[in-house]
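Chemist: Just a sequence and a predicted model for now, questions to come.
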Amino acid sequence: MLALLGALVFASVPQEAAKPAEGMRVVQLAILVDGKVKPSAAESAKLQMGHLQFLQGLWEKRAALVVGPLEEGGELHGIVVLDLKSADEAKKLLAKDPFVKAGYLDTKVVSWYCLASVMQKAPKFLDVAPHWFCILERPSDAPNVTPEESSKIQAGHMENIQAMAKEGILLLAGPLVEAGAWRGIFIFKDEPKEKVLDRIGKDPAVKARRLEPKLVRWYTAKGSFAPLK
């Protein structure tokens, strides 16, 4: 657990990119989003098996560490965490997906610092369980703060992360490499949504509107995340 907690550093100053901490390495977080082509139900069903077989192939080879669809994510349909060094590599690889090839899906890829060792190969690809995927986003109208206020907010942010990890509700987290609108990722175990939002809401960075959470239900293979120690 200490390795996880020591790794979580979210930029508190605009344009400041997050820096890796001990035990962290970069993986590529690919989010499958709406493509430019709208498929019919028949067309979608025709390509569904090829889509699943392609993703399972990546998962079997461990090119993909964790894979799964999102529920009620709007334009966000699924997540593929790829063990690759660059976003360009990830986009090139996922361009072979039948849905992406056909233009039904597109990919948004961000580089993510995380403890990749927490993500493990589950027993069965299609035996899935629910989790919560949370994007921490910097609002466009986030209030400016002084360096002293920023340090105080960051300390409280870290304290809340430690509390969530100690409680066992938080499975994995880490900052994004580039300090764009998206700043970091939380992955939570299956708990009532209100409980997860309540825990996130205690974060001083969220209270101060320096970060806003977007929480979406994510289904991944059972056993995809090793227990924290």
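Modeler: Nice, thanks for sending it over.

Chemist: Which parts of this structure are helices?
Modeler: Assigned by DSSP state H, the helices in the chain fall at 2-6, 41-60, 87-94, 98-101, 147-167, 193-201, 204-207.

Chemist: Let me have the ones you listed in TSV, adding mean pLDDT, mean neighbour count and distance to T220 as columns.
Modeler: Placement of C-beta: from N, CA and C, glycine included. Listed next are the helices of the chain as TSV, based on pLDDT from 0 to 100; neighbours: other Cβ atoms under 10 Å; distance: least, Cβ to Cβ, whole Å:
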stretch	mean pLDDT	mean neighbour count	distance to T220
helix 2-6	41	16	18
helix 41-60	96	14	10
helix 87-94	97	18	17
helix 98-101	97	19	18
helix 147-167	93	16	19
helix 193-201	97	15	16
helix 204-207	96	19	25
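
Chemist: Those: which one's closest to F133?
Modeler: helix 193-201 (10.6 Å; Cβ to Cβ).

Chemist: Give me the angle between the closest one and helix 147-167.
Modeler: Here the directions of helix 193-201 and helix 147-167 differ by 140 degrees (axes from the mean of the first three to the mean of the last three Cα atoms, to 10 degrees).

Chemist: Now do helix 193-201: distance to the chain's middle.
Modeler: Distance, stretch centre to chain centre, for helix 193-201: 17 Å (Cα atoms, centre = their mean, to the nearest Å).

Chemist: hey, C-alpha coordinates of stretch 92-107 in PDB?
Modeler: Presented in PDB, the C-alpha positions along stretch 92-107 are these (Å, rounded to 0.1, in the frame of the first residue of the first chain):
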ATOM      1  CA  LYS A  92      -1.400   2.000 -34.100                       C
ATOM      2  CA  LEU A  93      -2.200  -1.300 -32.300                       C
ATOM      3  CA  LEU A  94      -5.900  -0.600 -31.700                       C
ATOM      4  CA  ALA A  95      -6.400   0.600 -35.300                       C
ATOM      5  CA  LYS A  96      -6.500  -3.200 -36.000                       C
ATOM      6  CA  ASP A  97      -9.600  -3.600 -33.900                       C
ATOM      7  CA  PRO A  98     -12.600  -4.400 -36.300                       C
ATOM      8  CA  PHE A  99     -14.800  -1.700 -34.700                       C
ATOM      9  CA  VAL A 100     -12.000   0.900 -35.000                       C
ATOM     10  CA  LYS A 101     -11.200  -0.200 -38.500                       C
ATOM     11  CA  ALA A 102     -14.800   0.200 -39.500                       C
ATOM     12  CA  GLY A 103     -15.000   3.700 -38.000                       C
ATOM     13  CA  TYR A 104     -17.600   2.700 -35.400                       C
ATOM     14  CA  LEU A 105     -15.100   3.300 -32.600                       C
ATOM     15  CA  ASP A 106     -12.200   5.700 -32.200                       C
ATOM     16  CA  THR A 107      -9.500   5.800 -29.500                       C
END
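
Chemist: Tell me the spacing between V26 and Q154.
Modeler: V26 is 22 Å from Q154, where distance means Cβ to Cβ, to the nearest Å.

Chemist: hmm, back to that, next, format the helices of the chain as CSV and append distance to Q120.
Modeler: Listed next are the helices of the chain as CSV, based on distance: least, Cβ to Cβ, whole Å:
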stretch, distance to Q120
helix 2-6, 15
helix 41-60, 12
helix 87-94, 20
helix 98-101, 26
helix 147-167, 18
helix 193-201, 22
helix 204-207, 30
